[in-house]
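Asker: Here is my input, please return the structure:
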Amino acid sequence: MYVDILFVENFLINYIILYLTKRFSKNDTKNINLFFGSLCGSLYILTIFLSVPHIFYSFSAKIIISFLIIAISFKIQRIADFIRLLSIFYLITFIIGGTAFALIYLVNFNFNQIIISAIIISVLLIYINWGYITKRNTNSVLIHVLKINVLNMSRDIKAIIDTGNSLCDPLSNRPVIVVEYDAIKELLPEGIKMLYKNGQFNDLFKIPDVIHEDGWINRLRIIPFMSLGMDKGLLLGFKPDFVNVDNNKKDIKDVIVGICFNKLNKSGEYEALIGPEILC
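Answerer: Take a look at the predicted model:
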């Protein structure tokens, strides 16, 4: 095989793999970066025609080259981004390679026909199945959107299923949804907001003295707990008019909203904890 043909074929295959990696990772790298990444891989292939130490053909060297190709080709801000890109790159490479080997045994094609057919079939298989894979990943996410309604006011809050959340109102035995204060404060009476502002939110016995809004005293609950960053304590809660999960047609009324004055999640991915039984 001529060196120039080997170089061009390898470059095109590298570019196709990197382009597919870009598409499926949704990385916004420029195509010129893919060009240089493909060029790097193709130049490495040419070392088989040169007198270089055997270590250049070792498994470790090939891994390092693949790392270098990814680093040249894509915008990478975090280690997690690099690992994800590398994983998709390897996955696509293995799919194309596996398809090529299958064609060798199934059909009587020449080398170039096998490579072209393998790429076409692999691209079709990846595109057909990628939507199914991403859909399954989306459906498996545990974050839900809660709409909490009280006295004709409502707030949408991101919540995560917490199998360890077994809090119940001791009086009614209703399950408790634990919500960060900052996420729910717009629904609360001014007296509770004032206690929080003055750093007196732990003094639950002052709450009846500061609640002046009609309809709120009968909603309030005191819930004992054994977690939420403390060994034990009392959690202020209230009975909402209803809670809706993920815009469901059926509203949930037999629940209590517990107010947590600590952050539940530092990154802000969710603001509330719900037990699995609430979704049943």
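Asker: which regions of the stretch 101-250 of the chain lie under the pLDDT threshold?
Answerer: Within the stretch 101-250 of the chain, the ranges that satisfy pLDDT under 70 run 108-109, 111, 127-142, 164-165, 201-205, 214, 226-232.
Asker: quick one: the strands in it?
Answerer: Assigned by DSSP state E, counting those that start in this stretch, the stretch 101-250 of the chain shows strands spanning 143-150, 153-161, 176-180, 220-225, 233-238, 242-245.
Asker: which parts of the fifth one are buried?
Answerer: Neighbour counts using 16 or more other CB atoms under 10 Å place 235-238 of strand 233-238 among the buried residues. Every residue, glycine included, has its C-beta placed from N, CA and C.
Asker: tilt between that strand and strand 176-180?
Answerer: 90 degrees (axes from the mean of the first three to the mean of the last three CA atoms, to 10 degrees).
Asker: just the helices in the stretch 51-200 of the chain please.
Answerer: Assigned by DSSP state H, counting those that start in this stretch, the helices in the stretch 51-200 of the chain fall at 59-73, 79-106, 111-139, 181-184, 190-197.
Asker: and these as TSV, adding mean neighbour count?
Answerer: Formatted as TSV, those follow (neighbours: other CB atoms under 10 Å):
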stretch	mean neighbour count
helix 59-73	16
helix 79-106	15
helix 111-139	13
helix 181-184	19
helix 190-197	16
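Asker: Make JSON lines out of those and add distance to residue 221.
Answerer: JSON lines is the format used below for the helices of the stretch 51-200 of the chain (distance: least, CB to CB, whole Å):
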{"stretch": "helix 59-73", "distance to residue 221": "54"}
{"stretch": "helix 79-106", "distance to residue 221": "41"}
{"stretch": "helix 111-139", "distance to residue 221": "34"}
{"stretch": "helix 181-184", "distance to residue 221": "14"}
{"stretch": "helix 190-197", "distance to residue 221": "13"}
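Asker: residues touching residue 149, list them.
Answerer: 240-244, 251 (CB atoms under 8 Å, 6 or more residues apart in numbering).
Asker: again, but for residue 41
Answerer: 10-11, 14, 65, 69.
Asker: repeat that for 7 Å
Answerer: 10, 14, 65, 69 (CB atoms under 7 Å, 6 or more residues apart in numbering).
Asker: The first one: neighbouring residues, count only.
Answerer: Just to be clear, that refers to residue 10. Applying other CB atoms under 10 Å, we find 18 other residues in the vicinity of residue 10.
Asker: how about it, secondary structure?
Answerer: Under DSSP: H, G, I helix; E, B strand; the rest coil, residue 10 falls in the helix class.
Asker: quick one: it from residue 44, how far?
Answerer: Using CB to CB, to the nearest Å, residue 10 is found at 9 Å from residue 44.
Asker: same question, the last one
Answerer: For residue 69, the distance to residue 44 under the criterion CB to CB works out to 9 Å.
Asker: wait, doesn't residue 117 sit right on residue 100?
Answerer: No - with contact defined as CB atoms under 7 Å, residue 117 does not reach residue 100; the gap is 8.1 Å.
Asker: on that earlier part again, with distance to residue 123 as added columns, please give the strands of the stretch 101-250 of the chain in JSON lines.
Answerer: Listed next are those as JSON lines, based on distance: least, CB to CB, whole Å:
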{"stretch": "strand 143-150", "distance to residue 123": "32"}
{"stretch": "strand 153-161", "distance to residue 123": "36"}
{"stretch": "strand 176-180", "distance to residue 123": "45"}
{"stretch": "strand 220-225", "distance to residue 123": "53"}
{"stretch": "strand 233-238", "distance to residue 123": "54"}
{"stretch": "strand 242-245", "distance to residue 123": "39"}
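Asker: Please identify the most buried of the ones you listed.
Answerer: Mean neighbour count, computed with mean count of other CB atoms under 10 Å, is highest for strand 176-180 among these, reaching a mean of 24.
Asker: Next, the angle from it to strand 143-150.
Answerer: Between strand 176-180 and strand 143-150, the angle comes out at 100 degrees (the same axes, to 10 degrees).
Asker: Give the pairing partners of strand 176-180; include direction for each.
Answerer: When pairing is defined by DSSP bridges, strand 176-180 lines up against strand 256-260 (parallel), strand 272-274 (antiparallel).
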